[in-house]
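**Student:** build me a model:
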Amino acid sequence: MPIKFEEAFKDAVEETFSGYGIASSIMIKDIEKRNKLKYSKWWQKPEQLDKVLMQIYGAGGKSIESSLIQKLLSRIPTDICVDGDFTKALLALKEASEKSPKIGAPRPVVQENHNKTALTQS
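**Tutor:** Below is the predicted model:
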């Protein structure tokens, strides 16, 4: 059964931050406090999330954003090409999810090419 974008985003956040071990929950709570949104709702204000991540983590914030987008690309069937603008990518994925009947578990079809990420259909 397909899941909603919010659930896919929540899963992507959990998966992204799980790589930080026991610090992940502290990181998420800090971002929630600064962002004034629960992590499952961060996608509703992508510009604000971008600003908070850059304030806290600097260049590392871009790595977190990239990971979130990669995780979402693995869950949302689409052929969009993401150019590195986090806000635009997140909004495009949200729009793509509304058109797709199948959002689900991660699928390994993402290829990276320099600063762009392209999704190949399986």
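**Student:** could you find the closest non-adjacent residue to residue 96?
**Tutor:** Distances taken as CB to CB, 6 or more residues apart in numbering place residue 78 nearest to residue 96, at 3.9 Å, with adjacent residues excluded. (Each C-beta comes from the backbone N, C-alpha and C, glycine too.)
**Student:** that neighbour - that's part of a helix, no?
**Tutor:** No. With DSSP: H, G, I helix; E, B strand; the rest coil as the criterion, residue 78 is assigned coil and is not in a helix.
**Student:** that one contacts residue 89, doesn't it?
**Tutor:** No. Counting by CB atoms under 8 Å, residue 78 does not reach residue 89; the two are 10.9 Å apart.
**Student:** torsion angles phi and psi at the residue nearest to residue 44 when sequence neighbours are not counted?
**Tutor:** Spatial nearest neighbour of residue 44, excluding adjacent residues (CB to CB, 6+ apart): residue 37 at 6.7 Å. Backbone torsions of residue 37, given as degrees, to the nearest 10, read phi -140, psi 140.
**Student:** picking up where we left off before, what's the spacing between the residue nearest to residue 96 and residue 98?
**Tutor:** 11 Å (CB to CB, to the nearest Å).
**Student:** which one of those two is surrounded by more residues?
**Tutor:** More neighbours surround residue 78 than the other of residue 78 and residue 98, with 19 against 11 (other CB atoms under 10 Å).
**Student:** and that one, what pLDDT?
**Tutor:** Note for residue 78: predicted pLDDT of 81.
**Student:** residue ranges in the chain under the pLDDT threshold?
**Tutor:** 1-3, 100-122 (pLDDT under 70).
**Student:** show me where the chain has helices.
**Tutor:** 5-18, 23-35, 46-57, 59-73, 86-99 (DSSP state H).
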